[in-house]
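> 3D, please:
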Amino acid sequence: MGRPEFPQTVLEFQRRFSTEEACREYLFACRWPDGFVCPRCGGHECFRHGQRPLRQCKACGYQVSVTAGTVLHRTRTPLTTWFWAAFLISTHTPGFSAVQLQRYAGIGHYKVAFHLLHKLRAAMVRPDADRLRGLVEVDETYLGGPQEGKRGRGAAGKVLVAAALEVLNDGEKKERAGRLRLRIIPDASAVSLQGFIRAMVAPGARIRTDDWSGYQGLAHGGYEHEVVRPPEAEHVHRTFGNLKCWLQGTHHGVSEKHLQAYLNEFVFRHNRRRTPMAAFQTVLGLASHAPAPTYRQLHRAGAAGGWAHPKILGDSESRA
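Numbers count the residues shown, from 1 in each chain. As a prediction, this is how the structure comes out:
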């Protein structure tokens, strides 16, 4: 039977997913594309269990939720709202802030929209993602509002973000940006930078960096290290520029304790920028089993991360 086709336009999406039942049927078709299989006995026949998103096996009576293993599990928010939010966040190029989602989806409270978006962002993360290969540009940048004192590496009151970006060759020496990885790191030391590289880039890759001392010794770690002048690493610098514009333009600044979640969303958008429709199932958690953060976990993120910076590029997204 295969997975169901996905709507190609906004009007088609609205018509198809206008009811809770339509959303449940889509989840059922995605969860069992080749027909129902009971997780307990392997039976192939089931029936709906009242108004709840459950299927009950006719053979053994086992009940299984069509939302189990997704960010929708045990939600009190209507499935139509979840679907609309997932469609907007996965297909709208600039993305959506919680304030925008609250207005577009008719959500009554800002905190509900904020929490919903963060659960969708959790589904964007693949813990087992392949490491980057080939030619990879690596650099780091500081995010934060205007601060007095030292600028650049060693600046105070800002957060350091490292990037690793694959550079692909389309022939005739034309390069373009490939897959991206972003992560907050504590400092620009060799321990932090090279630890990030080992986690994100496969051995044997050619690493392109500037001449910062933190990158020295990469050749001993199984990489081919190429030192270039900053203008020559144009792809990663352009990516940093796009990141900063996105944080400021769409979100008008974000809370530091949630910054990594926004970085994950930016990476997700970058890596799937040519297939936005295919991202929908991933965002809902249908293509992975990423645990969705609870409301309490979201607001303990700062303490868990050990960060003390109050905000990054503003505070409009930090009200919750």
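> contacts for the helix or strand harbouring Leu182?
Per DSSP states H and E: Leu182 is located in strand 175-185. Under the criterion Cβ atoms under 8 Å, 6 or more residues apart in numbering, residues 132, 134, 140, 159-170, 192-193, 195-196, 199-200, 235, 238-239, 243, 259-260, 263-264, 266-267, 270-271, 305, 307 lie in contact with strand 175-185. (Glycine included, C-beta is placed from N, CA and C.)
> let's see 7 Å
Contact with strand 175-185 is made by 132, 140, 159-170, 192-193, 196, 200, 235, 239, 259-260, 263, 266-267, 270-271, as judged by Cβ atoms under 7 Å, 6 or more residues apart in numbering.
> The residues you listed in strands, which ones?
Secondary-structure check on the contacts of strand 175-185 using DSSP state E: residues within strands are Glu140, Val159, Leu160, Val161, Ala162, Ala163, Ala164, Leu165, Glu166, Val167, Leu168, Asn169.
> Closest to Trp32 out of the residues you listed?
Proximity to Trp32 was ranked across the ones in strands among the contacts of strand 175-185 by Cβ to Cβ; first place goes to Glu166, at 35.1 Å.
> give the contact list for that closest one.
With contact set as Cβ under 7 Å, 6+ apart, Glu166 has these partners: Leu132, Gly134, Val136, Gly178, Arg179.
> what do you get if the cut-off is 6 Å, keeping everything else the same?
Glu166 makes contact with Leu132, Val136, Gly178, Arg179, according to Cβ atoms under 6 Å, 6 or more residues apart in numbering.
> neighbours around the third one, how many?
Using other Cβ atoms under 10 Å as the criterion, Gly178 is surrounded by 19 other residues.
> cool, and the second one?
Taking other Cβ under 10 Å as the criterion, the count of residues near Val136 is 28.
> Give me the secondary structure label for it.
Here Val136 takes the strand state, with states given by DSSP: H, G, I helix; E, B strand; the rest coil.
> Give the buried residues for stretch 74-91.
The neighbour-count criterion (16 or more other Cβ atoms under 10 Å) identifies 75, 77, 79-91 as the buried residues of stretch 74-91.
> Point out the other helices and strands that the longest helix belonging to the chain packs with.
In the chain, with assignment by DSSP state H, the single longest helix is helix 234-249. Counting contacts by 3 or more Cβ pairs under 6 Å, 6 or more residues apart in numbering; DSSP states H and E, helix 234-249 packs against strand 135-143, strand 159-169.
> next one: it to chain centre, how far?
Between the centre of helix 234-249 and the centre of its chain there are 16 Å (Cα atoms, centre = their mean, to the nearest Å).
> I'd like the mean pLDDT over it, please.
Mean per-residue pLDDT for helix 234-249: 92.
> Please apply the same query to stretch 118-137.
The average of the pLDDT scores along stretch 118-137 is 89.
> what's the offset of that stretch from the middle of its chain?
8 Å.
> For that stretch, measure first residue to last.
The first residue of stretch 118-137 is 29 Å away from its last residue (Cα to Cα, to the nearest Å).
> Show me what counts as buried in it.
118-125, 131-132, 135-137.
> One more: stretch 181-201?
By neighbour count, with 16+ other Cβ under 10 Å as the criterion, the buried positions of stretch 181-201 are 181-185, 188, 192-194, 196-197, 200-201.
> Throw these into TSV and include distance to Gly43, thanks.
As requested, these are arranged in TSV below (distance: Cβ to Cβ, whole Å):
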residue	distance to Gly43
Arg181	43
Leu182	45
Arg183	44
Ile184	47
Ile185	50
Ala188	57
Ser192	52
Leu193	53
Gln194	52
Phe196	48
Ile197	49
Met200	43
Val201	46
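> which one of those is nearest Gly214?
Leu193 (4.3 Å).
> Can you verify my assumption that that closest one contacts Gln216?
No. Under the criterion of Cβ atoms under 6 Å, Leu193 lies out of contact with Gln216, with a separation of 10.0 Å.
> on that earlier part again, okay, the angle between the longest helix of the chain and strand 135-143?
With axes from the mean of the first three to the mean of the last three Cα atoms, to 10 degrees as the basis, helix 234-249 and strand 135-143 are set at 30 degrees to each other.
> Helix 234-249: which residues count as buried?
Neighbour count says helix 234-249 has His235, Val236, His237, Thr239, Phe240, Leu243, Trp246, Leu247 buried, by 16+ other Cβ under 10 Å.
> so where do the helices sit in this structure?
Per DSSP H, the chain carries helices over the ranges 10-16, 20-31, 79-91, 98-105, 110-122, 190-200, 234-249, 259-271, 279-283, 295-299, 301-305.
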